[in-house]
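1. Got a predicted structure here, sequence first:
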Amino acid sequence: MFIILVETQLAENLGAVARVMANFKQSHLRLVSPKVSVDDPKAVAMAVGAYRILENAVIFDSLQDATADCCTVIGTTANPRDVIKHYKTPRTFAENKASLPGPIGLVFGPERTGLTTDQIAFCNSTLQIPVDPDFSSLNLSHAVGIILYELYQNQTNAQPFWQHGETAAATTQDVDVFLTYLEEKLDQTHFWRTDAKKPLMRRNLFGLFKRQTFFQQDLRTLRGMIEALVK
Ligand code: SAH
(Lines give C-alpha, C1' and ligand atoms only; values in the text may rest on other atoms or scores of the structure.)
Protein backbone atom coordinates (compact mmCIF):
# COMPACT_ATOMS: atom_id res chain seq x y z
CA MET A 1 0.00 0.00 0.00
CA PHE A 2 1.18 3.52 -0.76
CA ILE A 3 0.43 6.49 1.45
CA ILE A 4 0.20 9.41 -0.95
CA LEU A 5 0.27 12.96 0.36
CA VAL A 6 -0.78 15.69 -2.04
CA GLU A 7 0.84 19.15 -1.73
CA THR A 8 1.59 18.86 1.95
CA GLN A 9 2.24 22.30 3.43
CA LEU A 10 3.61 21.67 6.90
CA ALA A 11 6.94 19.95 7.51
CA GLU A 12 5.72 18.80 10.93
CA ASN A 13 2.94 16.84 9.25
CA LEU A 14 5.38 15.07 6.91
CA GLY A 15 7.36 13.93 9.93
CA ALA A 16 4.29 12.96 11.95
CA VAL A 17 2.90 10.93 9.03
CA ALA A 18 6.21 9.07 8.67
CA ARG A 19 6.18 8.28 12.39
CA VAL A 20 2.63 6.95 12.48
CA MET A 21 3.29 4.92 9.31
CA ALA A 22 6.17 3.21 11.13
CA ASN A 23 3.91 2.59 14.15
CA PHE A 24 1.54 0.65 11.92
CA LYS A 25 4.10 -1.13 9.74
CA GLN A 26 3.70 0.93 6.55
CA SER A 27 6.76 2.14 4.71
CA HIS A 28 5.88 3.35 1.22
CA LEU A 29 5.37 7.11 1.21
CA ARG A 30 4.71 9.08 -1.97
CA LEU A 31 4.57 12.86 -2.16
CA VAL A 32 2.83 14.82 -4.89
CA SER A 33 4.40 18.31 -5.29
CA PRO A 34 5.16 18.76 -1.57
CA LYS A 35 5.46 22.39 -0.41
CA VAL A 36 8.16 21.43 2.09
CA SER A 37 11.25 19.28 1.96
CA VAL A 38 11.59 15.88 3.63
CA ASP A 39 14.84 17.04 5.21
CA ASP A 40 13.28 20.10 6.80
CA PRO A 41 14.47 19.96 10.46
CA LYS A 42 10.84 20.13 11.66
CA ALA A 43 9.96 17.06 9.59
CA VAL A 44 13.01 15.18 10.81
CA ALA A 45 12.26 16.06 14.44
CA MET A 46 8.64 14.89 14.17
CA ALA A 47 9.60 11.65 12.39
CA VAL A 48 11.79 10.62 15.34
CA GLY A 49 12.97 7.09 14.47
CA ALA A 50 11.00 6.94 11.23
CA TYR A 51 13.31 9.21 9.23
CA ARG A 52 14.06 6.30 6.88
CA ILE A 53 10.47 6.53 5.58
CA LEU A 54 10.91 10.22 4.76
CA GLU A 55 14.28 9.57 3.18
CA ASN A 56 12.78 6.91 0.93
CA ALA A 57 9.69 8.97 0.01
CA VAL A 58 9.20 9.17 -3.75
CA ILE A 59 8.20 12.53 -5.19
CA PHE A 60 5.79 12.96 -8.15
CA ASP A 61 4.47 15.93 -10.13
CA SER A 62 0.86 14.77 -10.28
CA LEU A 63 -1.64 12.48 -8.56
CA GLN A 64 -1.94 10.60 -11.88
CA ASP A 65 1.79 9.81 -11.89
CA ALA A 66 1.82 8.92 -8.20
CA THR A 67 -0.99 6.37 -8.68
CA ALA A 68 -0.15 5.06 -12.18
CA ASP A 69 0.93 1.63 -10.85
CA CYS A 70 -1.91 1.34 -8.29
CA CYS A 71 -4.96 -0.83 -9.00
CA THR A 72 -7.17 0.84 -6.39
CA VAL A 73 -7.00 4.52 -5.44
CA ILE A 74 -8.86 5.74 -2.37
CA GLY A 75 -9.16 9.45 -1.69
CA THR A 76 -9.71 10.69 1.86
CA THR A 77 -11.69 13.79 2.69
CA ALA A 78 -13.25 15.47 5.70
CA ASN A 79 -16.20 16.69 3.59
CA PRO A 80 -17.83 14.70 0.78
CA ARG A 81 -17.38 16.37 -2.61
CA ASP A 82 -20.10 16.95 -5.21
CA VAL A 83 -19.57 13.76 -7.20
CA ILE A 84 -21.16 10.31 -6.87
CA LYS A 85 -18.83 8.20 -4.75
CA HIS A 86 -19.01 5.40 -2.24
CA TYR A 87 -17.60 6.58 1.11
CA LYS A 88 -15.89 3.95 3.19
CA THR A 89 -15.14 4.34 6.88
CA PRO A 90 -11.71 3.29 8.19
CA ARG A 91 -13.34 0.16 9.62
CA THR A 92 -15.20 -0.91 6.48
CA PHE A 93 -12.02 -0.23 4.50
CA ALA A 94 -10.02 -2.45 6.87
CA GLU A 95 -12.66 -5.19 6.65
CA ASN A 96 -12.84 -5.11 2.84
CA LYS A 97 -9.23 -4.37 2.00
CA ALA A 98 -8.49 -7.98 1.03
CA SER A 99 -11.13 -7.83 -1.73
CA LEU A 100 -9.65 -4.68 -3.29
CA PRO A 101 -7.02 -5.23 -5.97
CA GLY A 102 -3.60 -3.93 -4.90
CA PRO A 103 -1.41 -2.06 -4.84
CA ILE A 104 -3.70 0.38 -3.10
CA GLY A 105 -2.97 4.10 -3.09
CA LEU A 106 -4.42 5.94 -0.07
CA VAL A 107 -4.51 9.64 -0.92
CA PHE A 108 -4.48 12.59 1.50
CA GLY A 109 -5.02 16.22 0.59
CA PRO A 110 -3.28 19.46 1.53
CA GLU A 111 -3.94 20.84 5.01
CA ARG A 112 -5.77 23.99 4.05
CA THR A 113 -8.08 22.82 1.25
CA GLY A 114 -8.09 19.03 1.14
CA LEU A 115 -8.31 17.19 -2.20
CA THR A 116 -10.09 19.01 -5.04
CA THR A 117 -13.37 17.69 -6.44
CA ASP A 118 -11.46 16.63 -9.57
CA GLN A 119 -8.93 14.72 -7.49
CA ILE A 120 -11.75 13.00 -5.58
CA ALA A 121 -13.46 12.21 -8.90
CA PHE A 122 -10.18 10.66 -10.12
CA CYS A 123 -10.11 8.23 -7.16
CA ASN A 124 -11.95 4.89 -7.38
CA SER A 125 -13.58 5.41 -4.05
CA THR A 126 -13.38 7.62 -1.01
CA LEU A 127 -12.99 7.36 2.70
CA GLN A 128 -14.34 9.67 5.37
CA ILE A 129 -13.40 9.26 9.00
CA PRO A 130 -16.59 9.75 11.05
CA VAL A 131 -16.07 12.80 13.25
CA ASP A 132 -18.22 15.60 14.64
CA PRO A 133 -19.88 17.12 11.54
CA ASP A 134 -19.43 20.55 13.12
CA PHE A 135 -15.66 20.03 13.35
CA SER A 136 -14.86 17.43 10.73
CA SER A 137 -11.35 18.34 9.66
CA LEU A 138 -8.63 16.23 11.29
CA ASN A 139 -4.97 17.00 11.34
CA LEU A 140 -3.40 15.25 8.32
CA SER A 141 -1.22 12.91 10.39
CA HIS A 142 -4.12 12.09 12.73
CA ALA A 143 -6.23 11.12 9.71
CA VAL A 144 -3.43 8.85 8.45
CA GLY A 145 -3.06 7.40 11.95
CA ILE A 146 -6.74 6.57 12.43
CA ILE A 147 -6.97 4.73 9.11
CA LEU A 148 -3.71 2.81 9.61
CA TYR A 149 -4.76 1.93 13.16
CA GLU A 150 -7.93 0.24 11.86
CA LEU A 151 -6.00 -1.63 9.16
CA TYR A 152 -3.40 -2.82 11.63
CA GLN A 153 -5.95 -4.00 14.20
CA ASN A 154 -7.79 -5.89 11.49
CA GLN A 155 -4.59 -7.58 10.28
CA THR A 156 -3.16 -8.45 13.68
CA ASN A 157 -6.48 -9.18 15.40
CA ALA A 158 -4.89 -7.92 18.62
CA GLN A 159 -6.71 -8.86 21.81
CA PRO A 160 -6.67 -7.27 25.25
CA PHE A 161 -4.44 -9.13 27.69
CA TRP A 162 -3.37 -9.33 31.33
CA GLN A 163 0.22 -8.64 32.31
CA HIS A 164 0.58 -10.68 35.53
CA GLY A 165 4.13 -12.03 35.61
CA GLU A 166 4.68 -15.27 37.54
CA THR A 167 1.46 -15.19 39.56
CA ALA A 168 -1.64 -16.99 38.26
CA ALA A 169 -5.24 -15.84 38.24
CA ALA A 170 -7.11 -16.84 41.39
CA THR A 171 -9.71 -19.58 40.90
CA THR A 172 -13.24 -19.25 42.26
CA GLN A 173 -12.18 -21.68 44.97
CA ASP A 174 -9.13 -19.52 45.89
CA VAL A 175 -11.41 -16.49 46.26
CA ASP A 176 -13.96 -18.47 48.28
CA VAL A 177 -11.24 -19.78 50.62
CA PHE A 178 -10.13 -16.17 51.12
CA LEU A 179 -13.71 -15.02 51.75
CA THR A 180 -14.21 -17.79 54.32
CA TYR A 181 -11.02 -16.61 56.06
CA LEU A 182 -12.26 -13.02 55.89
CA GLU A 183 -15.63 -13.99 57.36
CA GLU A 184 -13.89 -15.81 60.22
CA LYS A 185 -11.90 -12.69 61.07
CA LEU A 186 -14.96 -10.46 60.80
CA ASP A 187 -16.86 -12.82 63.14
CA GLN A 188 -13.97 -12.69 65.61
CA THR A 189 -13.90 -8.88 65.57
CA HIS A 190 -17.75 -8.56 65.77
CA PHE A 191 -17.83 -6.64 62.51
CA TRP A 192 -21.46 -7.50 61.72
CA ARG A 193 -22.82 -5.82 64.86
CA THR A 194 -26.03 -7.95 64.97
CA ASP A 195 -26.73 -11.46 63.72
CA ALA A 196 -29.78 -10.15 61.88
CA LYS A 197 -27.70 -7.74 59.81
CA LYS A 198 -25.05 -10.25 58.87
CA PRO A 199 -26.69 -12.02 55.86
CA LEU A 200 -27.28 -8.80 53.90
CA MET A 201 -23.96 -7.21 54.87
CA ARG A 202 -22.16 -10.43 54.02
CA ARG A 203 -23.78 -10.63 50.61
CA ASN A 204 -22.89 -7.02 49.77
CA LEU A 205 -19.35 -7.36 51.06
CA PHE A 206 -18.73 -10.65 49.25
CA GLY A 207 -20.31 -9.12 46.14
CA LEU A 208 -17.72 -6.35 46.28
CA PHE A 209 -14.95 -8.95 46.19
CA LYS A 210 -16.67 -11.02 43.49
CA ARG A 211 -16.60 -8.04 41.14
CA GLN A 212 -12.79 -7.88 41.22
CA THR A 213 -10.24 -9.84 39.24
CA PHE A 214 -7.84 -11.43 41.70
CA PHE A 215 -4.46 -13.02 41.18
CA GLN A 216 -2.90 -15.41 43.74
CA GLN A 217 -0.52 -12.65 44.78
CA ASP A 218 -3.42 -10.26 45.50
CA LEU A 219 -5.09 -12.80 47.80
CA ARG A 220 -1.82 -13.38 49.69
CA THR A 221 -1.41 -9.62 50.14
CA LEU A 222 -4.99 -9.22 51.40
CA ARG A 223 -4.57 -12.11 53.83
CA GLY A 224 -1.32 -10.62 55.15
CA MET A 225 -2.99 -7.26 55.53
CA ILE A 226 -5.95 -8.65 57.48
CA GLU A 227 -3.57 -10.72 59.63
CA ALA A 228 -1.62 -7.57 60.51
CA LEU A 229 -4.77 -5.54 61.23
CA VAL A 230 -6.24 -8.22 63.48
CA LYS A 231 -2.97 -8.30 65.49
N1 SAH B 1 -10.79 21.11 4.70
C2 SAH B 1 -10.13 19.94 4.23
C3 SAH B 1 -9.38 19.28 5.36
C4 SAH B 1 -7.96 19.11 5.06
S5 SAH B 1 -7.14 18.23 6.32
C6 SAH B 1 -11.14 18.95 3.62
O7 SAH B 1 -12.28 19.29 3.45
O8 SAH B 1 -10.79 17.82 3.28
C9 SAH B 1 -5.91 17.40 5.36
C10 SAH B 1 -6.25 16.00 4.91
O11 SAH B 1 -6.46 15.15 6.03
C12 SAH B 1 -7.53 15.87 4.10
O13 SAH B 1 -7.32 16.24 2.75
C14 SAH B 1 -7.80 14.39 4.24
O15 SAH B 1 -6.92 13.68 3.39
C16 SAH B 1 -7.40 14.14 5.68
N17 SAH B 1 -8.58 14.28 6.56
C18 SAH B 1 -8.81 15.23 7.48
N19 SAH B 1 -9.99 15.01 8.12
C20 SAH B 1 -10.49 13.87 7.59
C21 SAH B 1 -11.68 13.10 7.83
N22 SAH B 1 -12.58 13.44 8.72
N23 SAH B 1 -11.85 11.98 7.09
C24 SAH B 1 -10.95 11.59 6.17
N25 SAH B 1 -9.82 12.28 5.90
C26 SAH B 1 -9.59 13.39 6.60
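-> Sure, I can see it.
2. All the strands of the chain, residue numbers only.
-> For the chain, applying DSSP state E gives strands covering 2-6, 29-32, 58-60, 72-76, 87-88, 104-108, 125-127.
3. I'd like those laid out as JSON lines, including mean pLDDT and distance to the ligand.
-> All C-beta atoms are positioned from the backbone trio N, CA, C, and that covers glycine. What follows is these, written out as JSON lines (pLDDT from 0 to 100; distance: least, C-beta to the nearest ligand atom, whole Å):
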{"stretch": "strand 2-6", "mean pLDDT": "98", "distance to the ligand": "8"}
{"stretch": "strand 29-32", "mean pLDDT": "98", "distance to the ligand": "12"}
{"stretch": "strand 58-60", "mean pLDDT": "98", "distance to the ligand": "16"}
{"stretch": "strand 72-76", "mean pLDDT": "98", "distance to the ligand": "4"}
{"stretch": "strand 87-88", "mean pLDDT": "96", "distance to the ligand": "9"}
{"stretch": "strand 104-108", "mean pLDDT": "98", "distance to the ligand": "4"}
{"stretch": "strand 125-127", "mean pLDDT": "97", "distance to the ligand": "6"}
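4. need the residues of the protein near the ligand, please.
-> When proximity is defined by C-beta under 6 Å from any ligand atom, the chain lies next to the ligand at 76-79, 108-109, 111, 113-115, 127-129, 131, 136-138, 140, 143.
5. And for the most centrally placed residue in the chain, nearest residue in space, chain neighbours not counted?
-> Closest residue to the average C-alpha location of the chain: residue 149 at 5.0 Å, with C-alpha atoms, centre = their mean. Distances taken as C-beta to C-beta, 6 or more residues apart in numbering place residue 24 nearest to residue 149, at 6.4 Å, with adjacent residues excluded.
6. show me the contacts for that neighbour.
-> Residues in contact with residue 24 (C-beta atoms under 8 Å, 6 or more residues apart in numbering) are 145, 148, 149, 151, 152.
7. out of these, which are buried?
-> 145, 148, 151 (16 or more other C-beta atoms under 10 Å).
8. Distance check, the first one against the ligand.
-> Plainly put, residue 145 is 11 Å away from the ligand if you go by C-beta to the nearest ligand atom, to the nearest Å.
9. Quick check, that residue in contact with residue 26.
-> No: checked against C-beta atoms under 8 Å, the pair residue 145 and residue 26 is beyond contact range at 10.7 Å.
10. can you count the residues close to residue 143?
-> Using other C-beta atoms under 10 Å, residue 143 has 23 other residues around it.
11. what sits against it?
-> Shown in contact with residue 143 (C-beta under 8 Å, 6+ apart): 76, 78, 108, 129.
12. Output these in JSON lines; the columns should cover neighbour count.
-> Below are the contacts of residue 143 laid out as JSON lines (neighbours: other C-beta atoms under 10 Å):
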{"residue": "76", "neighbour count": "27"}
{"residue": "78", "neighbour count": "16"}
{"residue": "108", "neighbour count": "25"}
{"residue": "129", "neighbour count": "18"}
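13. neighbours of residue 165, just the number please.
-> Counted with other C-beta under 10 Å, residue 165 comes out at 8.
14. if I look at it, how far off is residue 175?
-> According to C-beta to C-beta, to the nearest Å, residue 165 and residue 175 sit 19 Å apart.
15. Can you tell me which of the contacts of residue 143 is closest to residue 53?
-> When these are ranked by distance to residue 53 (C-beta to C-beta), residue 108 comes first, at 14.6 Å.
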